[in-house]
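>>> dropping a prediction and its sequence here:
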Amino acid sequence: MDETQDIVLTATFKISDNLNRKLDEKIITDGYGMRGKSKWIREAVEKLFTYIDFSELVSLSDDLEYANHPISVRLSRRLLLDIEKMVVSIRKEYPELEGVKSRIIRTAIIQRLIRA
């Protein structure tokens, strides 16, 4: 296995204050604690990629003009590469879509919250 895939990098994106509040509550009730926020989000992104319609879910997610709360998460290099591949795939299907990487992460959070 390539050890560089295990390198942890930081990704930053914005979410709304309301979504951030719901995320924090869910992370705590799921037993992750506030130090487990990155792990919870990583798992949400990985789960999103298993949905057959994930591209459509990402395209339907709001661009969130009210996204004013910055979040930084620690993601593995492998997961960031997977996200980049999905960005390319989604942009082929929805070329007009902007901010796809952030949309993927926000969609993953929202889907995990509503499918819990």
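That came through fine. Residues are numbered from 1 along each chain as shown.

>>> so for the longest helix along the chain, what gets flagged as buried?
Under DSSP state H, the helix in the chain containing the largest number of residues is helix 77-93. Residues of helix 77-93 classed as buried: Leu79, Leu80, Asp82, Ile83, Met86, Val87, Ile90 (neighbour count, 16 or more other C-beta atoms under 10 Å). Every C-beta, even on glycine, is put in place using the N, C-alpha and C of the backbone.

>>> chain neighbours aside, what residue packs nearest to the residue nearest the centre of the chain?
Nearest to the mean C-alpha position of the chain, by C-alpha atoms, centre = their mean, lies Ile105 at 1.7 Å. Nearest non-adjacent residue to Ile105, counting by C-beta to C-beta, 6 or more residues apart in numbering: Phe13, 5.2 Å away.

>>> the one you found and Ile71 touch, don't they?
Yes - counting by C-beta atoms under 8 Å, Phe13 touches Ile71, with 5.9 Å between them.

>>> so the closest residue to Asn68 other than its chain neighbours: helix, strand or coil?
Nearest non-adjacent residue to Asn68, counting by C-beta to C-beta, 6+ apart: Lys14, 6.3 Å away. Of the three states, Lys14 takes strand under DSSP: H, G, I helix; E, B strand; the rest coil.

>>> just give me the neighbour total for Lys14.
Neighbour count for Lys14, taken as other C-beta atoms under 10 Å: 17.

>>> which residues touch it?
Contacts for Lys14 (C-beta atoms under 8 Å, 6 or more residues apart in numbering) come out as Leu64, Ala67, Asn68, His69, Pro70, Ile71, Ser102.

>>> could you do Ile27 as well?
Contact partners of Ile27, counting by C-beta under 8 Å, 6+ apart, are Gly33, Met34, Gly36, Lys37, Trp40.
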